[in-house]
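> this one's sequence-less:
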């Protein structure tokens, strides 16, 4: 998740998973380094997120909410699923 570029600072990865009844909530956030390595800039916008969105549409049509927040200091993804 990129934390290796700033492990000696205040870097973090936080994962929260909660299931209540038939509702699943998954939240993951990670810090961003103040200065990113040059090679990481070319990798932005990869196919990973596109694949995740497509799989969610296929496997959980109309029963999921995916929110992505990209700020200067953090990257956060929240997924809500309605389970059968």
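All right, it came through fine. Given the structure is predicted, the values throughout are model-derived calculations rather than measurements.
> For this structure, give me the ranges with low pLDDT.
1-9, 35-46 (pLDDT under 70).
> And the helices in it?
Using DSSP state H, the helices assigned to the chain run over residues 38-43, 47-59.
> So residue 71 versus residue 29, what's the distance?
10 Å (Cβ to Cβ, to the nearest Å). All C-beta spots, glycine's among them, are computed from the backbone N, C-alpha and C.
> actually residue 84, not the one I wrote
28 Å.
> Have a look at these two and say which one is more surrounded.
residue 29 (17 against 6; other Cβ atoms under 10 Å).
> Could I get the contacting residues of the closest residue to that one other than its chain neighbours?
Take residue 29 and drop its neighbours on the chain: the residue closest to it by Cβ to Cβ, 6 or more residues apart in numbering is residue 76, 4.0 Å away. Applying Cβ atoms under 8 Å, 6 or more residues apart in numbering to residue 76 gives the contacts 27, 28, 29, 67, 68, 69, 70.
> filter those residues to the buried ones?
Neighbour counting with 16 or more other Cβ atoms under 10 Å marks residue 29 as buried within the contacts of residue 76.
> what about the strands in the chain?
13-20, 23-31, 64-70, 74-82 (DSSP state E).
> want to try TSV for those strands, with distance to residue 53 as columns?
Listed next are these as TSV, based on distance: least, Cβ to Cβ, whole Å:
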stretch	distance to residue 53
strand 13-20	20
strand 23-31	15
strand 64-70	7
strand 74-82	11
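> Out of these, the one nearest residue 52 is which?
strand 64-70 (7.7 Å; Cβ to Cβ).
> Paired strands for that closest one, with orientation please.
strand 74-82 (antiparallel) (DSSP bridges).
> List the buried residues for the strand it pairs with?
With burial defined by 16+ other Cβ under 10 Å, the residues of strand 74-82 counted as buried are 75, 77, 79, 80, 81.
> now swap in stretch 12-29 and tell me
24, 29.
> Can we start the residue count at 13 from this point?
Okay, using 13 as the starting number, the last item reads as stretch 24-41.
> Take the buried residues of strand 86-94 and write them to JSON lines, including distance to residue 59.
Formatted as JSON lines, those follow (distance: Cβ to Cβ, whole Å):
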{"residue": "87", "distance to residue 59": "17"}
{"residue": "89", "distance to residue 59": "16"}
{"residue": "91", "distance to residue 59": "18"}
{"residue": "92", "distance to residue 59": "23"}
{"residue": "93", "distance to residue 59": "22"}
